[in-house]
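Student: build me a model:
(one chain, ligands or ions: 1)
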Amino acid sequence: MTPKLKEAGIPDLKQKLLISRRLLNARSLSSFVEQVISPQKDDSENLVTNTIENLRKGSKPTKPESIKFWDRLAYGLNCPDGVKGVMLVEADLDEFIGHLPEDHRALAMGFVYKGGKANTGSDSTERQKSGDTRARGAAGVRQMRPLDLTDGRAVWLRTTGMVQTIATGFRARKIDQKQYYLDPDSATAWSTLVNTRDYPTYHQCENSLQALLATEQWHGVLDRSQPATALILAGGGAPTKDLLLLRSLLSKAYTEYLHYYLFDISFWMTKDSLEWIHKHSHNIDGFERVDLSGVYGDVLDMNEDFKTGLHRDGRVVFVITGGTIGNLSEAAFFRSLDRGADEGDILFIGAETTNGKLSEAEAKALRDKYDNPALRRFIRPVVKAVLGAAHSHEDEDNALSRIHVDLQPGIEVNASDVKESTSVIVTLDVDGREVTLATSNSVRAVRVDRVRSPIWVAGRVSGLVRTESALQAVSVYAE
Ligand SMILES: C[S@@+](CC[C@H](N)C(=O)[O-])C[C@H]1O[C@@H](n2cnc3c(N)ncnc32)[C@H](O)[C@@H]1O
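Tutor: Here you go, the predicted structure:
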């Protein structure tokens, strides 16, 4: 006998729709409903629109016509014989998963129990809290659920890519810039640095991001792409910018759910940002619709598998803030992006700019960013490790007082791959061996008076910004 519908709202509706949409690969609620109903002869003309409206309201279907969607969903999801639409409606989240075909249940659980915590305010979460980590679906199958060990701040681990050790860097005479962020104290050291007057880049970038988010260009590019996922590249250490981005992305009517991933090589920087965002999430309207996670890995090492996972729910907006691209090989960055991005994705780059020929004062300002007590404090642990790798007994404060900060044409000194860029090069002489501690590139922007530095380069991934042409795009767009 078919169970009767009880009155009131549909339990765990949001989660049921999330699971169903992902299993059926539907981008929007309307395309999902249309796909499930696939209107037939005897259906009323308004079946699709009425269903969408009822789902939005969360009200239970009471008429035979309105239960059709759920019956067809059971069919579309390939549920076992005997699972009727009304059972999907009445089920709580665990029972709903139990009604799915066996080979889809683990996948479905992964969608909603990410990081050990369900994205639901329902009583199924309460059961989870009370220690019942196993659910019994209506099909009677006991299911394993990820352990509820944490507070849900998931960091996914990509196991490809590598970080050069300081000893190897010392032998190669160039220290991998990732080293500055691998220490447990790095997040605190970074926020101390960005809050000093000597290093204004962070707040300049934050202000220009705010300005960018108010432009028609930002909204135009975003609205054409309608991304389901935001991947913030080298994204640790900028949570106040994440707040701005999240607010803007969530303000879009098409953003029903948003994956927001901080992709970073530093666990500490990522953890610090995730915690900050959670703490301030009450200031972000619609935050309950966000799947916020860290992805631990190298942004220069995206590959096809990563691309597939990333695009599961639709297009991706890639963002790299803070002039961080200027610390990387731009060519390696765009090659990696080419492997990770797909047609129709979008890219926003915050880049430091110069207007080509620097005046004395501009050159001094650029050098001073890397030649000040706050910066020396920030690089101190790495300098100490470099001295260790060199078996030097020199005191690190003494070594820090000797660092050399120079400006060079980026391409000529192999610090940049972009034409006419200027690089700040920080070096230290260790027992007669010159070691490059850091480099930072600024691209040339002719109309720098019209674009506050750092500028934003935006584009659709196909066409304007892609591999080699992207390198030109940086200089061309800046011009
Ligand atoms: C300068 S800090 C923070 C920049 C920040 N996005 C901003 O807007 O201010 C640079 C961040 O990039 C990360 N990072 C550096 N190189 C990376 C790489 N190759 N792959 C992933 N993350 C990287 C560091 O761990 C650090 O969190």
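
Student: what is the burial count for Gln217?
Tutor: The number of residues packed near Gln217 is 12, by other Cβ atoms under 10 Å. For the C-beta atoms, the positions are set from N, CA and C on the backbone; glycine is no exception.

Student: give me the element it is part of.
Tutor: helix 216-225 (DSSP states H and E).

Student: can you count the residues close to Gly237?
Tutor: Neighbour count of Gly237, defined by other Cβ under 10 Å: 26.

Student: just to revisit the earlier point, now do the buried residues in the helix holding Gln217.
Tutor: Neighbour-count burial for helix 216-225, with 16 or more other Cβ atoms under 10 Å as criterion, is recorded at Trp218, Val221, Leu222, Ser225.

Student: which SSE is the closest residue to Glu434 other than its chain neighbours in?
Tutor: Spatially, and ignoring its direct neighbours in sequence, Glu434 is nearest to Thr427 (5.3 Å; Cβ to Cβ, 6 or more residues apart in numbering). Thr427 belongs to strand 422-430 when assigned by DSSP H and E.

Student: quick one on the thing from earlier: quick one: the residue nearest to Glu434 and Thr439 touch, right?
Tutor: No: applying Cβ atoms under 8 Å, one finds Thr427 not in contact with Thr439, separated by 9.5 Å.

Student: neighbour-wise, which of these two wins?
Tutor: Each of Thr427 and Thr439 has its neighbours counted (other Cβ under 10 Å); Thr439 has more, 23 against 18.

Student: name the SS class of that one, please.
Tutor: Secondary structure, DSSP: H, G, I helix; E, B strand; the rest coil: Thr439 is strand.

Student: alongside the ligand, which residues does this protein contribute?
Tutor: Counting by Cβ under 6 Å from any ligand atom, the chain comes close to the ligand at 177-178, 181, 202, 205, 234-238, 241, 264-266, 269, 298-300, 321-322, 324.

Student: shaky segments in the chain?
Tutor: In the predicted model of the chain, residues 1-7, 113-154, 159-161, 444-479 satisfy pLDDT under 70.

Student: from it, which residue is nearest to the ligand?
Tutor: Among all residues of the chain, Gly322 sits closest to the ligand, at 2.5 Å; criterion: Cβ to the nearest ligand atom.

Student: now do the contacts for the residue nearest to that residue when sequence neighbours are not counted.
Tutor: Spatial nearest neighbour of Gly322, excluding adjacent residues (Cβ to Cβ, 6+ apart): Cys205 at 4.9 Å. Neighbouring residues of Cys205 by Cβ atoms under 8 Å, 6 or more residues apart in numbering: Ala238, Lys241, Thr321, Gly322, Gly323, Gly350, Pro454.

Student: so Cys205, which of the three states?
Tutor: What three-state DSSP gives for Cys205 is helix.

Student: wait, is Gly350 part of a strand?
Tutor: Yes: under three-state DSSP, Gly350 sits within a strand.
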